[in-house]
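In: Sequence isn't available, so here's the structure alone:
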């Protein structure tokens with residue numbers, strides 16, 4: 001039987017930016033949670049979650065020594081801090097937004 005779990009229940013997150021690239025550090029609260037997010041948090045799922053807010057590709061880099069994922073979203077800031085007309089042109093709220101994503105757990 002599977003159930004849905006929000007990432008906020010098993011992770012912490014922090015966002016940063018470089019131009020039009022939004023990056024999110026997703027840090028697991030436990031080693032077991034890290035193994036889970038490595039399997040369940042995929043580039044396709046992250047891109048689907050953010051929808052048309054991310055126009056480029058999404059790459060995820062595992063950081064095993066930190067039990068964290070580095071998520072890089074190109075075209076994720078509508079041009080970046082100085083160009084974007086979004087309320088959050090630097091994407092600092094993207095980390096909190098991602099924590100609302102649900103994954104299925106056995």
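Out: Done, it's in. Please read these numbers as outputs of a predicted model, since none were measured by experiment.

In: Okay, now the unreliable bits of the chain?
Out: Applying pLDDT under 70 to the chain picks out residues 78-92.

In: which residues are contacting the lengthiest helix in it?
Out: Using DSSP state H to define each element, the chain has its longest helix at helix 31-40. In this structure, residues lying in contact with helix 31-40 by C-beta atoms under 8 Å, 6 or more residues apart in numbering are 7, 10, 11, 26, 28, 62, 67, 68, 69, 103, 104, 105. All C-beta spots, glycine's among them, are computed from the backbone N, C-alpha and C.

In: give me the number of residues near residue 49?
Out: Here the neighbour count serves as a burial measure; for residue 49 (other C-beta atoms under 10 Å) it reads 17.

In: Would you agree it is in contact with residue 101?
Out: Yes - if you go by C-beta atoms under 8 Å, residue 49 and residue 101 touch, sitting 4.9 Å apart.

In: Setting the sequence-adjacent residues aside, check what's closest to residue 102.
Out: The shortest distance from residue 102 to any non-neighbouring residue, by C-beta to C-beta, 6 or more residues apart in numbering, is to residue 4 (4.4 Å).

In: what about the one you found, distance to residue 15?
Out: Residue 4 is 23 Å from residue 15, where distance means C-beta to C-beta, to the nearest Å.

In: sorry, back to before: the residue nearest to residue 102 pairs with what?
Out: In this structure, residue 4 has beta-bridge partners residue 104, where bridges are defined by DSSP bridges.

In: sorry, back to before: so which of residue 4 and residue 15 has more stuff around it?
Out: Neighbour comparison, residue 4 and residue 15: the larger count goes to residue 15, with 22 against 9 (by other C-beta under 10 Å).

In: If I take the helix or strand encompassing the more buried one and helix 31-40, what angle do their directions form?
Out: Here residue 15, judged by DSSP states H and E, is contained in strand 11-18. Here strand 11-18 runs at an angle of 50 degrees relative to helix 31-40 (axes from the mean of the first three to the mean of the last three C-alpha atoms, to 10 degrees).

In: helix or strand right after strand 11-18?
Out: Following strand 11-18 in sequence order, the next helix or strand is strand 21-28 (DSSP H and E).

In: Sounds good, over and out.
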